[in-house]
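J.: Sequence and predicted structure, then a few things I'm wondering about:
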Amino acid sequence: MGEASNRNSDKTRQQPYAKVTSIRPVVRDGWYNAWTDLIWWKQYYWLAHFRGLSHGLARNTSGRIAGNTFSVILRSADLRRWHEAQVFEPPGGIVDGSGVDTAHFCATEERLYAFFRVVTPRPTGGNENRSFVSSTADGVRWSEPEALTVDGFRPYTWRVRWREGRFYCALHYLEEATPFDLIASDDGIHWHKYAEIAGANEHGCSEESELLWRPDGELWCVVRTDRAELYCSRPPYTEWEKALVLTAGCDAPVMCESGGEVYLAGRCSGSGSGTPGADGTMPFALQNTFSHRESPFIRSGTTGLYRLRRDRADLLVLLPPGYDASYPGLISLEPGKLTMSYYSDVAYVSGEVRPMHFPEYRYKESESDIYIAEIEVGEHPV
């Protein structure tokens, strides 16, 4: 009786899976295209990405201009045909060497917001990072970009989220010995500190973070560190705990819910994750050809998808790796189906596509493309 019960239990034990059903380029135009976001709003898909001449955003300290840079907003009804709906440039112009980064979306019932960074070289060296926001009610006419402030400070925000009439964002101040904070705003422009997620000198957090509310009201925050970390808080979101460390990392994290589960995407190192097989090989070792046995946590150009729970993160699948890739957007319109945007130079690294403007591939200098991946997720018996 006991043996039969154990056999039945084994048969019903489930494990998560992900299956990539489609990958296709949606932007391949000779530019360096990168850093994406994706949202479904007013019956359209909206995709944001960076367009430039290279990975750089503005003049570097030697005075060299990296090139024109834009934040491009695309719109599609079917994920295949995309219309260029909006292009943002630095609101103050480009003659001072300013460059603009990609936009991140946040939507309310009435408006779609695009938050983007402007980088301006300082005469004394280094760059100034400022975030701006523009919004639209009809998808065609966008408001004049306005600069964000946090208690008088001009921040560099990452993903902004909307909850019960208020905007929220996890903020890194880009300076040493500063806390990692949750900030809030009523209008998306004027912000204030709401709570401290991690204290100064108690974290290795970066500006790349994501917020997600669970059905029970708990708020999750995933942030890029030298690996990646999950922080959790219950209402009123003033007390936070570090719940999980993701050893394979998750750069530029993005989360969404599908079928009652949370899925997390970002750049990660596959060779350092999973349970070794009988021969000792890690399950993702061959998929991530740019992670090395000697340094298994190198995350060059590999976009991964996790199923995330409060106490564990299961790496489900890696998309085709390149040298320079990832920074995804992630949405789910029906249970068990995800749509992901991301960028990659894999077509040029592999030699399948020849660069338009260079005799050969150049890391972070020749072109890179924007992709859409459709992914089936769920559980199946072990």
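T.: Yep, that arrived.
J.: what helix or strand does residue 347 sit in?
T.: If you go by DSSP states H and E, residue 347 is part of helix 346-349.
J.: for residue 216, that is, sorry about that
T.: Using DSSP H and E, no helix or strand contains residue 216.
J.: Surely residue 217 is in contact with residue 232?
T.: No: the criterion here is C-beta atoms under 8 Å, and residue 217 misses it with residue 232 at 11.2 Å. Every C-beta, even on glycine, is put in place using the N, C-alpha and C of the backbone.
J.: Just the residues contacting the helix holding residue 347, thanks.
T.: 25, 28, 301, 320-323, 325, 353-355, 361, 366-369 (C-beta atoms under 8 Å, 6 or more residues apart in numbering).
J.: do that again at 7 Å, thanks
T.: 320, 321, 322, 323, 325, 353, 355, 361, 366, 367, 369 (C-beta atoms under 7 Å, 6 or more residues apart in numbering).
J.: Neighbours of the last one, how many?
T.: Meaning residue 369. For residue 369, the count of nearby residues is 25 (other C-beta atoms under 10 Å).
J.: so which helix or strand takes in it?
T.: Per DSSP H and E: strand 369-381 holds residue 369.
J.: just checking, what packs against that strand?
T.: Helices and strands touching strand 369-381, by 3 or more C-beta pairs under 7 Å, 6 or more residues apart in numbering; DSSP states H and E, are strand 14-27, strand 32-41, strand 337-344.
J.: The helix holding residue 347: which residues count as buried?
T.: 346, 347, 348, 349 (16 or more other C-beta atoms under 10 Å).
J.: now, which of the residues you listed sits nearest residue 142?
T.: residue 347 (31.5 Å; C-beta to C-beta).
J.: What's the separation between the closest one and residue 356?
T.: According to C-beta to C-beta, to the nearest Å, residue 347 stands 12 Å off from residue 356.
J.: mind listing what whichever helix or strand residue 333 is part of pairs with, with the direction of each?
T.: Using DSSP H and E, residue 333 falls within strand 325-334. Paired neighbours of strand 325-334 in the sheet (DSSP bridges): strand 337-344 (antiparallel).
J.: then the strand it pairs with to CSV, C-alphas only?
T.: Extracted as CSV, the C-alpha positions of strand 337-344 are listed here (Å, rounded to 0.1, in the frame of the first residue of the first chain):
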residue,chain,number,x,y,z
LYS,A,337,1.6,31.9,-23.1
LEU,A,338,4.4,34.6,-22.8
THR,A,339,5.5,37.2,-25.3
MET,A,340,9.1,38.5,-24.9
SER,A,341,11.0,41.3,-26.7
TYR,A,342,14.8,41.4,-26.5
TYR,A,343,17.8,42.4,-28.5
SER,A,344,20.7,40.4,-29.8
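J.: what's the offset of that strand from the middle of its chain?
T.: 10 Å (C-alpha atoms, centre = their mean, to the nearest Å).
J.: Please enumerate residues in contact with that strand?
T.: Counting by C-beta under 7 Å, 6+ apart, 33-36, 38, 47, 49, 79, 258, 263, 265, 301, 303, 319, 322, 325-332, 368-377 sit against strand 337-344.
J.: What remains of those if I keep only buried residues?
T.: Of the contacts of strand 337-344, these count as buried by 16+ other C-beta under 10 Å: 33-36, 38, 47, 49, 79, 258, 263, 265, 301, 303, 319, 322, 325-332, 368-373, 375, 377.
J.: Just give me the residue closest to the centre of the protein.
T.: The residue lying closest to the centre of the chain (C-alpha atoms, centre = their mean) is residue 252, at 3.7 Å.
J.: Does that residue lie in a helix or a strand, and which?
T.: Assignment of secondary structure by DSSP H and E places residue 252 within strand 251-258.
J.: any idea of the angle that strand forms with strand 369-381?
T.: Our comparison of strand 251-258 with strand 369-381, counting by axes from the mean of the first three to the mean of the last three C-alpha atoms, to 10 degrees, yields an angle of 50 degrees.
J.: What angle do strand 32-41 and strand 251-258 make with each other?
T.: Using the same axes, to 10 degrees: strand 251-258 against strand 32-41 is 30 degrees.
J.: outside of whichever helix or strand comes after strand 251-258, which residues touch it?
T.: Next along the chain after strand 251-258, taking DSSP H and E as the criterion, comes strand 261-267. For strand 261-267, contacts defined as C-beta under 7 Å, 6+ apart pick out 212, 222, 249-256, 299, 302-308, 313, 326, 328, 330, 338, 340, 377.
J.: Pull out the buried positions in stretch 15-25.
T.: Buried residues in stretch 15-25 (16+ other C-beta under 10 Å): 16, 18, 20, 23, 25.
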